[in-house]
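K.L.:
Sequence and predicted structure are below.
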Amino acid sequence: MDVNEYIASGTLELYALGAATDQERREVECLSSIYPEIRQELNRLTEAMENYALTYSAEPPADLKEQIMAKLSFGDAQPEAIVKPMPVSRPTYNFTWVAAAAIGLIILSFALFLVNQLRESQQVQATLRSTNNSLQDEILQIRDRQSGLDAALALLKKPGTRIIPVVGNDKAPGSRLAVYWNATSKEVAIEVNGLPKLAADQQYQLWSLVGDKPVDAGVFENTPSTGQIQRLNRAIGAADAFAVTIERRGGSPTPTLTALVAVGPV
Amino acid sequence: MARLWAMAYIWPTFELQLTPYPYLLKRSQPFVSESVLIEKLSRRDQQAFHWLYDQYSPALFGVIRKIVHDDEQARDLLQDSFIKIWNNLDQYDASKGRLFTWLLNVARNTAIDSLRSAKASSRPNPANAIHTDSENVYIVDSQHKTDPVPIEHIGVKDMVDQLRPERKMLIDLVYFSGYTHEEAAEVLNLPLGTVKTRIRSALQELKQFFSR
């Protein structure tokens, strides 16, 4: 086949103008794929037509692009951004998490329960301890008093024990004391009743008077309750009278006569 | 774990660089080659559509407007053309010709078809009698008609107008009105051989002109 003759035939021009018949079009496409010269000529002609068409270029209305795009369907605009959903085909994985969370919750609530219990029992324990302490104190007081009473009762039971009333003067009006004294065993005890309250650094002291000479018979507490007998740790063999003075705490070797509050003759 | 999930969303995004198509006499080399564009078009990539539209819509719109002589209709036909192009991209065969030629043919055929169907529907109309007259008027008119053309094309336009009028008219009649060369011969009252010769001469002249 003569290529140049075909090029000169005008069929390629008809093809470039889009006026070729179907048969001519197939013929041109076939021959242009075989003969490079035909392909080259055809390219030049179609390029010329493209350029010719370009001379009529006109900007389409600005809003048309949007309208057209609204009518088209697009593929993924960014195919590189593959967003895969997280695989859901691992139920054991999820179950593990749920189970772990549940166990954690159970342990946590149990721990809270234990802490609560501990706090409650601590409170109960503290209450019990304070009650126990107060009971203990009471028992000790009762025991002290009991031993005092036992001693006083033993003194009273002894033959020869005398009860000497000691009456308060104008410094301790209305106070009535009783001194229990056994001259044989030289024991002495006192029952306080209605003495005035003293300062913290002061104490009452009992004296036995032999003639005009005062002998220390011991200090004693001003107990508020009546009927309590205090043993005094002194040996008194002789006494004409008993007297009570206010002294410094711990007692004094000689009585302060200005602080004499009560006197009772034997 | 949460970090892994977030990574799925912060993936590198790919931006296609676009350059506005300059309407130059010589074909400018596009920033993105046709083969890359075609590959992206085959995936119906949205960026590729922007590029396609920005580059080719003025040319296609100009051709359609030249065919139908009506801006409103040209607008609708350009839309139809792009829908056809988008839906039939798979039919484009790069081995048979360049993309631009294919795009031009789709737009041209769409516009010519719409003209023909308009003619066909008006055939039973009594106004049919003056139909050939108006057609003749158009042919004569097209020899003198100067379409509004963007400023930057005026130089090219002048040079194209240096083509011999009977040759340019023949090209326009076939290319823009969709006449076969037989129809053109009949309308122009010329022998078929003369029409074929003139078409060939006209295109050779155009080819020379644009390869200068």
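P.N.:
On my side now, so go ahead. Numbering: from 1, shown residues only, chains lettered A, B, ... in the order given.

K.L.:
Whether the helix or strand harbouring A:Gln67 contacts chain B - can you check?
P.N.:
Using DSSP states H and E, the secondary-structure element containing A:Gln67 is helix A:64-71. Yes - for helix A:64-71, a contact with chain B is found by CB under 8 Å from any CB of the partner chain, at A:64-65, A:67-69, A:71. Every C-beta, even on glycine, is put in place using the N, C-alpha and C of the backbone.

K.L.:
Out of those, which end up buried?
P.N.:
A:64-65, A:68 (16 or more other CB atoms under 10 Å in any protein chain shown).

K.L.:
Need the residues you listed in a markdown table (columns: distance to A:Arg25 and pLDDT).
P.N.:
As requested, these are exported to a markdown table (distance: CB to CB, whole Å; pLDDT from 0 to 100):
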| residue | distance to A:Arg25 | pLDDT |
| --- | --- | --- |
| A:Leu64 | 31 | 90 |
| A:Lys65 | 32 | 90 |
| A:Ile68 | 29 | 90 |
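
K.L.:
Show me where the chain dips below the pLDDT cut-off.
P.N.:
This is for chain A. A:76-93, A:224-227 (pLDDT under 70).

K.L.:
Can you look at chain B instead?
P.N.:
Using pLDDT under 70, chain B drops low at B:1-32, B:122-161, B:212.

K.L.:
And it, split by domain according to the record?
P.N.:
Residue ranges for the domains of chain B, per automatic domain parsing: B:29-123, B:131-212.

K.L.:
out of the ones you listed, deepest packed?
P.N.:
Each of these was scored by mean neighbour count; the highest is domain B:29-123, a mean of 18, by mean count of other CB atoms under 10 Å in any protein chain shown.

K.L.:
what about it and chain A, touching?
P.N.:
Yes - for domain B:29-123, a contact with chain A is found by CB under 8 Å from any CB, at B:43-47, B:49, B:53, B:57-59, B:61-63, B:65-66, B:74-75, B:78-79, B:82-83, B:86, B:95-98, B:100-101, B:104-105, B:108-109.

K.L.:
How about stretch A:150-159, which residues are buried there?
P.N.:
Quick answer for stretch A:150-159 (16+ other CB under 10 Å): A:152, A:155.

K.L.:
Which residues does it contact?
P.N.:
For stretch A:150-159, contacts defined as CB atoms under 8 Å, 6 or more residues apart in numbering or on different chains pick out A:161, A:180, A:182, A:184-185, A:187, A:189, A:191, A:229, A:231.

K.L.:
In CSV, could you pull the C-alpha coordinates for that stretch?
P.N.:
What follows is stretch A:150-159, C-alpha atoms only, in CSV (Å, rounded to 0.1, in the frame of the first residue of the first chain):
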residue,chain,number,x,y,z
ASP,A,150,-11.9,-1.8,155.8
ALA,A,151,-9.1,-0.1,157.7
ALA,A,152,-11.5,2.4,159.4
LEU,A,153,-13.9,-0.5,160.3
ALA,A,154,-11.0,-2.5,161.7
LEU,A,155,-9.9,0.6,163.8
LEU,A,156,-13.5,1.1,165.0
LYS,A,157,-13.8,-2.5,166.0
LYS,A,158,-10.7,-2.4,168.1
PRO,A,159,-11.4,-2.0,171.8
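
K.L.:
which residue ranges form the strands in chain B?
P.N.:
In chain order, chain B shows no strands, with DSSP state E as the criterion.

K.L.:
for the domains of chain B, which one sits closest to A:Thr245?
P.N.:
domain B:29-123 (118.4 Å; CB to CB).

K.L.:
on that earlier part again, contacting residues around the helix holding A:Gln67?
P.N.:
The contact list for helix A:64-71 (CB under 8 Å, 6+ apart) reads B:46, B:49, B:53, B:57, B:75, B:78-79, B:82-83.

K.L.:
Over to stretch A:27-42?
P.N.:
A:3-4, A:6-7, A:11-12, A:15-16, A:20, B:95-97.

K.L.:
ok, back up a step: could you work out the most separated pair of the contacts of helix A:64-71?
P.N.:
B:Gln46 and B:Arg75 (22.0 Å).

K.L.:
A:Gln40: what secondary structure?
P.N.:
Secondary structure, DSSP: H, G, I helix; E, B strand; the rest coil: A:Gln40 is helix.

K.L.:
Now for it, how many residues are close by?
P.N.:
12 (other CB atoms under 10 Å in any protein chain shown).

K.L.:
before we move on, what about A:Phe110?
P.N.:
Neighbours around A:Phe110, by other CB under 10 Å: 10.

K.L.:
and it, how far is that from A:Asn116?
P.N.:
To A:Asn116, A:Phe110 is 11 Å away according to CB to CB, to the nearest Å.

K.L.:
As a check, name the ranges of all helices in the chain.
P.N.:
Just so you know, I chose chain A. Here chain A has its helices, by DSSP state H, at A:3-8, A:11-17, A:22-34, A:36-54, A:64-71, A:91-157.

K.L.:
other chain: chain B
P.N.:
Per DSSP H, chain B carries helices over the ranges B:2-7, B:34-42, B:46-68, B:71-87, B:99-121, B:131-144, B:154-161, B:165-175, B:181-188, B:192-211.

K.L.:
Can you add distance to A:Phe242 and give those back as TSV?
P.N.:
Putting the helices of chain B into TSV (distance: least, CB to CB, whole Å) gives the following:
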stretch	distance to A:Phe242
helix B:2-7	96
helix B:34-42	130
helix B:46-68	124
helix B:71-87	134
helix B:99-121	141
helix B:131-144	160
helix B:154-161	151
helix B:165-175	156
helix B:181-188	165
helix B:192-211	154
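
K.L.:
Residue in the stretch 101-250 of chain A with the shortest distance to chain B?
P.N.:
A:Ala101 (14.0 Å; CB to the nearest CB).

K.L.:
Quote the end-to-end distance of stretch B:84-96.
P.N.:
For stretch B:84-96, the first and last residues are 19 Å from each other (CA to CA, to the nearest Å).

K.L.:
what's near enough to touch A:Gln202?
P.N.:
Counting by CB under 8 Å, 6+ apart, A:Gln202 makes contact with A:246-249.

K.L.:
ok, 10 Å please
P.N.:
Applying CB atoms under 10 Å, 6 or more residues apart in numbering or on different chains to A:Gln202 gives the contacts A:222, A:246-249, A:259.

K.L.:
That one bridge partners, please.
P.N.:
Taking DSSP bridges, one obtains A:Arg248 as the residues bridged to A:Gln202.

K.L.:
I'd like the distance from it to A:Gly168, if you could.
P.N.:
To A:Gly168, A:Gln202 is 16 Å away according to CB to CB.

K.L.:
ditto for A:Pro214
P.N.:
Counting by CB to CB, the gap from A:Pro214 to A:Gly168 is 18 Å.

K.L.:
ok, these two, which is more surrounded?
P.N.:
A:Gly168 (21 against 18).

K.L.:
Now the more buried one. Nearest residue, chain neighbours left out?
P.N.:
A:Ser175 (3.5 Å; CB to CB, 6 or more residues apart in numbering or on different chains).

K.L.:
For A:Leu206, which residues count as its bridge partners?
P.N.:
Using DSSP bridges, the beta-bridge partners of A:Leu206 come out as A:Val244.

K.L.:
ok, now which ones touch it?
P.N.:
Taking CB under 10 Å, 6+ apart, we find A:Leu206 in contact with A:166, A:177, A:179, A:188-190, A:215-220, A:230, A:232, A:234, A:236, A:242-245, A:251, A:255, A:262.
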